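Participant: only geometry, no sequence info:
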């Protein structure tokens, strides 16, 4: 992967962060930009001018001058004092994404980093040395100080890393790879930890997964529609064009395509019970899924701009030689985007769980066996998977309370409004994972229901999805250990397997 400081997108980041075989290098122009910005820092060090973060203290200590002899120690102290994270380590893919995004930002040439420091960061990525970064502690302004400080500890031979499947001291992993720690120069510590890369990494990977899930939701819902002999009139193209909402139009088009040729889905009035319309959880799938799709498109724009942004402070402008202090580290954009993702994916899970309820509830399932099992009473069937789905959607509702509306002061009230973007991103990632579980339960139940209804009557797409499900998840004749089936079904949704089985889904 050639890192150039621009044009990085979510799909490329997810691929690189989750693939240890990916190799990274700097684009030649990026190297020149890094060197040019570093010269500006060197000039400041040799002058008498006070410049925040280079020869001053930080936060409330911004007015404290630092001597030329102490500028390097200042940067080391910054990393050491800020590496005070709490909790379990962030997932390895998130930690790798943080390194990638930080290098990408440094390549833009406004940070004043030394090239050797960036090269060592690339070596960590290329050699599979991943910093251990505690998940809690960031206020989301001044950026993700605490998690980024932990990310930087291995550059100094400090802290811990994951290496070849083991957690160990950074110094040991570096020695095994023949790498030497570095000593940070002036401004380098601040250039490394003052930014939004932790919250951005979590949010970017969660969004990548959410975009797979939201397409999978269309596919899963169609299998449910067929199993419930749903009414297709609600997906008529004219109806959705009359409203004009883009996501809604797109989802309705997917449903028409996926349900084409179904022997189970009905036209209004053609069902055995004479129904002319369905409940909202079937009839309004385009409106519900579509709203979340449009939300994800908006979030993607915010996140991808942030992935290619300079978010440390102060910033160096090579042409003029100016070093300007501002607030690009403030994570409000990402905090609001993460809260929006939480809401959007909570709704996908909410409506999925309600469809599952219709599948298992004999009063709502249009004639299916109660809880989708033979010999009900002796067997509970799929009664309890719906409980699990209900628990997750209720958890999502709690987690969807916005973090971005919260703030707390820090650094003696110098930093008196913070974004809580890291909290928002972490919550969003949990909700996305919960949504995958809930959709997996719906898929498993819909497949069971389709067999009762007559799998041979499914549409071409529905049959393909059903057959793919059956490779991993068997029909349940009588009560059995269901958790493994739920896990397999979830992975079919999370991995995009159901999408591949269904054919092209927009």
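Facilitator: Looks like it arrived, so ask away. Keep in mind it's a predicted model, so treat the numbers as computed, not measured.
Participant: For stretch 244-263, buried residues please.
Facilitator: Within stretch 244-263, the residues that qualify as buried are 245, 247-259, 262, counting by 16 or more other C-beta atoms under 10 Å. In short, each C-beta sits where N, CA and C put it, glycine included.
Participant: oh, I was asking about stretch 166-175
Facilitator: Residues of stretch 166-175 classed as buried under the neighbour-count rule (16+ other C-beta under 10 Å) are 169-171, 173-174.
Participant: Now, the residues you listed that are in helices?
Facilitator: Among the buried residues of stretch 166-175, the subset assigned to helices under DSSP state H consists of 170-171, 173-174.
Participant: Which stretches in the protein count as strands?
Facilitator: Remark: strands assigned in the chain by DSSP state E are 2-3, 25-26, 86-89, 129-131, 134-136, 160-163, 166-169, 315-317, 322-324.
Participant: Point out the most buried one among those strands.
Facilitator: For the strands of the chain, the largest average neighbour count (mean count of other C-beta atoms under 10 Å) is found in strand 129-131, namely a mean of 26.
Participant: other SSEs contacting that strand?
Facilitator: Applying 3 or more C-beta pairs under 8 Å, 6 or more residues apart in numbering; DSSP states H and E, one finds that strand 129-131 contacts helix 92-106, helix 115-126, helix 145-152, strand 160-163, helix 170-176.
Participant: Counting only helices, which of the buried residues of stretch 244-263 make the cut?
Facilitator: Checked against DSSP H, the buried residues of stretch 244-263 include these in helices: 247-259.
Participant: Turn those into CSV, columns for distance to residue 499.
Facilitator: Conversion of those to CSV gives the following (distance: C-beta to C-beta, whole Å):
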residue, distance to residue 499
247, 17
248, 20
249, 19
250, 14
251, 14
252, 18
253, 15
254, 11
255, 14
256, 17
257, 13
258, 11
259, 16
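Participant: Would you reformat these as JSON lines and include distance to residue 18 and pLDDT?
Facilitator: Rendered in JSON lines, the data for those read as follows (distance: C-beta to C-beta, whole Å; pLDDT from 0 to 100):
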{"residue": "247", "distance to residue 18": "27", "pLDDT": "98"}
{"residue": "248", "distance to residue 18": "32", "pLDDT": "98"}
{"residue": "249", "distance to residue 18": "32", "pLDDT": "98"}
{"residue": "250", "distance to residue 18": "27", "pLDDT": "98"}
{"residue": "251", "distance to residue 18": "28", "pLDDT": "98"}
{"residue": "252", "distance to residue 18": "33", "pLDDT": "98"}
{"residue": "253", "distance to residue 18": "31", "pLDDT": "98"}
{"residue": "254", "distance to residue 18": "27", "pLDDT": "98"}
{"residue": "255", "distance to residue 18": "31", "pLDDT": "98"}
{"residue": "256", "distance to residue 18": "34", "pLDDT": "98"}
{"residue": "257", "distance to residue 18": "30", "pLDDT": "97"}
{"residue": "258", "distance to residue 18": "29", "pLDDT": "98"}
{"residue": "259", "distance to residue 18": "33", "pLDDT": "98"}
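Participant: what's the closest of the residues you listed to residue 292?
Facilitator: residue 247 (7.4 Å; C-beta to C-beta).
Participant: residue contacts, residue 400?
Facilitator: Neighbour list for residue 400: 339, 342-343, 346, 427, 431 [criterion: C-beta atoms under 8 Å, 6 or more residues apart in numbering].
Participant: Let me see the backbone angles for residue 367.
Facilitator: When quoted as degrees, to the nearest 10, the phi and psi of residue 367 stand at phi 100, psi 0.
Participant: With that, I have no additional questions.
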